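In: Fold the following and give me the result.
(chains A and B)
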Amino acid sequence: MQRKHLFALIAILLIATMALAACGGAKATEAPKPAEKPAATEAPQATEAPKEEAKPTEAPKEEGVKPADEIVVYNWSDYVDPEMYGMFTEQTGIKIGEDNFSSNEDLLAKLQGGATGYSVIVPSDYTVAIMIEEGMLAELDHDNIPNLKNLDPEFTKLYYDPGNKYCVPYLWGTTGIGYNTELLENPPKSWKGIFEAKEDDPWFGRMTLLDDVREVFSAALIYLGYDNNTQDEAQLEEAKNLLIKAKKGVSGYDNDNYEDLVGSGENLLAHGWNGDFLQAADEYENIDYYIPEEGGTIWIDNMCIPANVTPEQKLAAEMYINFVLDPKVGDMLGEYNYYATPNKASLEIADPEYKDNPLVFPPPEIRAKLHFIKPLGEFESVYQRLWDEVKSAQ
Amino acid sequence: MERLRRHPELQAWLILAIPVIFLLIFFMAPLLIVFVYSFLERGKYGGVEWVFTLDNIRRVFDPLYFKTFLRSFYIAIVTTLITLGLGYPLAYFIAKSPPNRRGALLFALMIPFWTNFLIRTYAWLTLLRTHTGLINVTLMNWGLLSKPLPLYGNDFAIILGLVYGWLPVMVLPIYAALERLDESLLEAARDLYASSGKAFWRVTWPLSLPGVVAGSMLVFIPSLGAFVTPAILGGGKSLMIGNIISNQFLGAHDWPFGSALSMVMMIAMLAATLIYFRWTKKSESSL
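Out: Prediction:
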């Protein structure tokens, strides 16, 4: 009997620990939050003030602040030509470490949780808007980034950061459909073929959609002819019903290896990001990509500096941003991972195979059909709830 | 120093102080934060506003989320039963092996744990995939199948992944209970003309019950909160409560609702645990 009690006690203790581990994982980041809010709003002012004074002097680097010896870039995985780091260290003596995140939401939650030590981060457009609003980004000192002049003027008038006060575009791309050219001759031209696939369509049950609430709803709303950032609940309800019906023809929702599944022939087509398909096309040689006729989404990833960096790290980070904006480096980067560079000077020296590729740089008639995903504040809960309905529908 | 030597209980408390403080800070404090956040309003993009509300708790009982709770319970229970069905004979076999072989068998049981769970789960994908998975391709090449089996992207795959992942956790406590079992009790049963089935049922099983309880709990609870397995092997096509919680924090930026879901889940687990304990107690005493 005694032993039984001991067993029960140990079991309960273990259970309690595991319950906490199971539920605690997602919440590990929230503890510092209460204190973090005031800090976040103060931080930009604090870093702004001394920089403001620095402006009149010609060479800001010489008024006391020396760049940090080492900085950490927090980026998407496989999103930089590894040679670039060595080149930068050679030029400046500053070492670079890299850490990776897999979604904008991960990045945001980690920084909101109080993570420090990152000097350059690479969020997408709508996340930059959120971070500016939340006071999480430091203002860039343009004097330290003379290569900003290389940027295509189009990318200096971004809706989320006009004048590049907080961020500099890194690469941009589109979201559409990639398909296996060996197994599928005629992929559906319209989103109709995806969302209303019939059982005798060869891709029925052999396609994936992104596991991303806003991307999937954008595609459905664009197909239905609505604004992809709509806050009209009737339109969203319609999109939700469409997505629930479409679920039968979908083999899964995947962000991570959908392009390999298409290349290997497990699936015939997939909803995904252009660069992922183009990189996989190098390996499999049987993948093509297109934007369905109703349109798709466009996104821009950006280099930003978190508000919580030291002045030394900030200077080093600005030097790195300036380095990426170098015409040659920008070209290396774009050609390395098949996403489009916003750097005009890079395009002038780029390989025609890259700069004339319509899948990387969509022609104007397709550009006109591409839409940004915009942040919607608390309304995002409505999207999430509808998405949970779609995902739990049987 | 002298005093310490004279008061052994003081020594014990000093040694205990470190784990107690550790638990208070890293166990109780996060739990408390989750509890408090459940009653606050959401911040616009994550975080909380310090305004009291019961809305989050109310939303947990929204039919959509409640149904997901029930589904998660169903999957966790089925997983536990299958794991028990496979784990008990395995534990019995190991416990009855010659002592010099038991170590090697336990060692073999633990080997898969050396590889990261995520990698092992992805490895299952290469077996289960519908059109390029090893199982379906082989069966179709042998002409045993004309259409691939639906092995992936459904509850079957989720439960398979969970059973695989948690089997050793079921085996170890049962093994520990069986290994300690006094052989003379079984001899006594046989002397009293009990058949081997009866001896098992009246002697072995009741004495191994504490191990069964511990193992079941250790499998049930992480299965209930699983979120990697449904996302990968389930193809993300059906949600468990763990997925909903993680979506609240990442996708919806709604920390208070995510906290409320976690709280309710913990309470449900506690209730299930207590009911299970009471039930096994009862069945023990009725034997």
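In: how about the residue nearest to residue A:166 when sequence neighbours are not counted, phi and psi?
Out: Distance criterion Cβ to Cβ, 6 or more residues apart in numbering or on different chains; nearest residue to residue A:166, sequence neighbours excluded, is residue A:137 at 4.4 Å. Heads up, the C-betas are built off the backbone N, CA and C, glycines and all. When quoted as degrees, to the nearest 10, the phi and psi of residue A:137 stand at phi -110, psi 150.
In: ok, now how distant is residue A:137 from residue B:66?
Out: 40 Å (Cβ to Cβ, to the nearest Å).
In: okay, those two: which has more neighbours?
Out: residue A:137 (26 against 12; other Cβ atoms under 10 Å in any protein chain shown).
In: Contacts only, for the more buried one.
Out: When contacts are counted by Cβ atoms under 8 Å, 6 or more residues apart in numbering or on different chains, residue A:137 touches A:44, A:128, A:131, A:166-167, A:304-307.
In: can you list the residues you listed in a markdown table and add distance to residue A:370, pLDDT and secondary structure?
Out: Formatted as a markdown table, the contacts of residue A:137 follow (distance: Cβ to Cβ, whole Å; pLDDT from 0 to 100; DSSP: H, G, I helix; E, B strand; the rest coil):
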| residue | distance to residue A:370 | pLDDT | secondary structure |
| --- | --- | --- | --- |
| A:44 | 31 | 38 | helix |
| A:128 | 18 | 95 | helix |
| A:131 | 23 | 95 | helix |
| A:166 | 23 | 96 | coil |
| A:167 | 20 | 96 | strand |
| A:304 | 23 | 97 | strand |
| A:305 | 28 | 97 | coil |
| A:306 | 29 | 96 | strand |
| A:307 | 31 | 95 | coil |
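In: Neighbours of the closest residue to residue B:60 other than its chain neighbours, how many?
Out: In space, and not counting its chain neighbours, residue B:60 is closest to residue B:264: 4.8 Å by Cβ to Cβ, 6+ apart. Number of residues near residue B:264 (other Cβ under 10 Å) recorded here: 19.
In: in which helix or strand would I find residue 261?
Out: I went with chain A, as the question did not name one. For residue A:261, the host element (DSSP states H and E) is helix A:258-263.
In: think we crossed wires, I meant chain B
Out: With DSSP H and E as criterion, residue B:261 is part of helix B:255-286.
In: How far off centre is that helix?
Out: 13 Å (Cα atoms, centre = their mean, to the nearest Å).
In: again with stretch A:169-179
Out: Worked out by Cα atoms, centre = their mean, stretch A:169-179 lies 10 Å from the chain centre.
In: again with stretch B:37-54
Out: For stretch B:37-54, the distance to the chain centre is 30 Å (Cα atoms, centre = their mean).
In: So for it, what gets flagged as buried?
Out: Buried residues in stretch B:37-54, counting neighbours by 16 or more other Cβ atoms under 10 Å in any protein chain shown, are found at B:37-40, B:42-43, B:45-48.
In: and these near chain A, which?
Out: The subset of these lying close to chain A, counting by Cβ under 8 Å from any Cβ of the partner chain, consists of B:37, B:42-43, B:45-48.
In: Only C-alpha atoms, please: export stretch A:361-370 in CSV.
Out: This file holds the C-alpha atoms of stretch A:361-370, laid out as CSV (Å, rounded to 0.1, in the frame of the first residue of the first chain):
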residue,chain,number,x,y,z
PHE,A,361,10.2,39.9,-61.4
PRO,A,362,6.6,39.7,-62.6
PRO,A,363,5.7,41.8,-65.6
PRO,A,364,3.5,44.9,-65.0
GLU,A,365,0.2,43.2,-66.0
ILE,A,366,0.8,40.6,-63.2
ARG,A,367,2.1,43.2,-60.7
ALA,A,368,-1.2,45.0,-61.0
LYS,A,369,-3.0,41.9,-59.7
LEU,A,370,-0.7,41.4,-56.6
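In: which residues are in contact with that stretch?
Out: So stretch A:361-370 is contacted by A:174, A:291, A:294-298, A:340, A:355, A:358 (Cβ under 8 Å, 6+ apart).
In: Okay, now the unreliable bits of chain A?
Out: A:1-63 (pLDDT under 70).
In: wait, what's in contact with the residue nearest the centre of it?
Out: Centroid check for chain A by Cα atoms, centre = their mean gives residue A:124 as the closest residue, at 4.4 Å. Neighbour list for residue A:124: A:104, A:299-302 [criterion: Cβ under 8 Å, 6+ apart].
In: Now residue 216: closest residue in space that isn't a chain neighbour?
Out: Looking at chain A here, since you left the chain open. residue A:209 (5.3 Å).
In: wait, chain B
Out: residue B:80 (5.2 Å).
In: would the one you found count as being in a helix?
Out: Yes: membership of residue B:80 in a helix is supported by DSSP: H, G, I helix; E, B strand; the rest coil.
In: Which single residue in the stretch 101-250 of chain A comes nearest to chain B?
Out: Using Cβ to the nearest Cβ, the closest approach of the stretch 101-250 of chain A to chain B is made by residue A:105 at 3.8 Å.
In: Number of residues surrounding the closest residue to that residue other than its chain neighbours?
Out: Computed as Cβ to Cβ, 6+ apart, the closest residue to residue A:105 that is not its neighbour in sequence is residue B:250, at 3.8 Å. Residue B:250: 20 surrounding residues under other Cβ under 10 Å.
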